[in-house]
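Novice: This is the structure alone, sequence omitted:
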């Protein structure tokens with residue numbers, strides 16, 4: 001009895017010494033990798049279209065470091081989820097796995113703000129390329145937002161440095177609680193995610209007014225607005241992530257009866273039992289949506305180029321078919337020529353300037369952001 005009073009860990013089940021992945025779930029790591037592949041291929045397609053059409057701009061150069069940082073984030077997510085015990089019952093995780101888990105958390109604190117800011121810079125460069133003409137009213141706001149991204153990186157690269165004293169205890173599972181302030185970590189991360197949402201929301205709303213002023217049919221204007229909003233819609237994913245993060249802190253103190261029988265329940269946050277689904281998946285979805293969304297305007301040209309090729313090939317086929325039947329039906333010749341030139345169903349490939357906001361030959365398709373509001 002006296003022994004139990006002097007040692008609060010007495011009688012508790014110690015952590016395992018050997019790695020046991022019998023009950024491990026790999027779906028989180030697989031999902032992160034698949035999302036990375038989809039987003040990376042989308043960016044690659046965007047750059048290919050811009051290069052082939054000789055329209056490569058600063059926004060395209062800016063998306064490259066953002067994509068590389070996202071790939072690095074994915075490598076981190078996959079490695080931690082596959083090797084740090086994520087996806088297993090907490091009582092089956094070794095101390096070495098918990099140490100690697102904590103290291104993943106530490107790296108994510110520094111990598112996330114740099115990655116998200118880099119993607120945001122690309123979106124802002126795209127807006128600058130499209131909307132800033134002459135003395136556009138959007139020029140100064142866009143410049144301020146670009147400067148804000150570097151301030152954002154600076155501030156949120158400093159705050160993680162004060163989580164633990166000394167810092168090497170950040171990834172020591174048994175001494176972490178003595179030298180680290182998890183609630184400081186919580187508050188700084190809430191601040192980080194909140195600022196990220198605010199910046200994304202500005203990007204979300206910024207293009208609506210200048211796009212609405214475009215001299216083009218209303219239906220096409222609405223379509224362009226939707227495409228641009230998708231590029232900044234990561235604020236929705238970020239809001240979801242923040243909501244989950246705040247909610248999960250309510251489970252910081254473990255309540256699982258089985259887990260409370262184990263020694264590590266006194267050292268590990270209770271919400272880590274769902275960490276893969278509540279942290280890594282939302283954190284992966286957010287940049288994925290941003291990278292895909294910001295590439296959609298450029299990929300509009302890829303769609304029109306492909307549709308033109310299909311239309312031309314179909315026209316050739318219908319022309320050949322028409323020439324074979326013209327000997328039998330002379331009256332249908334003129335109809336077949338019109339049908340061939342338009343393609344089946346009257347389909348016609350659109351010019352690139354009709355899809356993406358670039359300087360083209362269509363004088364009716366120009367931003368009018370300099371027009372007085």
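Specialist: On my side now, so go ahead. Treat the numbers as computed from the prediction; the structure is a model and nothing was measured. Residues are numbered from 1 along each chain as shown.
Novice: Stretch 86-106: end-to-end distance?
Specialist: Stretch 86-106 has an end-to-end distance of 15 Å (CA to CA, to the nearest Å).
Novice: Show me what counts as buried in that stretch.
Specialist: Neighbour-count burial for stretch 86-106, counted by 16 or more other CB atoms under 10 Å, picks out 86-95, 97-106. Using the backbone N, CA and C atoms, a C-beta is placed for each residue, glycine as well.
Novice: so how far is that stretch off the chain centroid?
Specialist: For stretch 86-106, the distance from its own C-alpha centre to the chain's C-alpha centre is 25 Å (CA atoms, centre = their mean, to the nearest Å).
Novice: What's the mean pLDDT across it?
Specialist: For stretch 86-106, the mean pLDDT works out to 95.
Novice: do the same with stretch 277-297
Specialist: Mean pLDDT, computed over stretch 277-297, is 90.
Novice: swap in stretch 131-143?
Specialist: Computed over stretch 131-143, the mean pLDDT rounds to 80.
Novice: Check the separation of the first and last residues in that stretch.
Specialist: Stretch 131-143 end-to-end distance (CA to CA) = 12 Å.
Novice: Where does pLDDT dip in this structure?
Specialist: Where the chain drops to pLDDT under 70, the residues are 1-6, 134-135, 216, 219-220, 223-224, 227-233, 300-373.
Novice: What's the separation between residue 42 and residue 175?
Specialist: When distance is defined by CB to CB, to the nearest Å, residue 42 is 44 Å away from residue 175.
Novice: what about those two, which has more around it?
Specialist: Counted by other CB atoms under 10 Å, residue 42 and residue 175 do not tie: residue 42 has more neighbours, with 20 against 14.
Novice: And the more buried one, which helix or strand is it part of?
Specialist: Element membership of residue 42 [criterion: DSSP states H and E] is helix 27-52.
Novice: Quick one: list the elements packing against the next helix or strand along the chain from that helix.
Specialist: Downstream of helix 27-52, the next assigned helix or strand under DSSP H and E is helix 58-83. The contact analysis (3 or more CB pairs under 8 Å, 6 or more residues apart in numbering; DSSP states H and E) places helix 58-83 against helix 27-52, helix 95-131, helix 281-325.
Novice: what about the helices in the stretch 101-250 of the chain?
Specialist: All helices of the stretch 101-250 of the chain, identified by DSSP state H, counting those that start in this stretch, fall at 139-158, 176-179, 182-205, 208-212, 218-231, 234-248.
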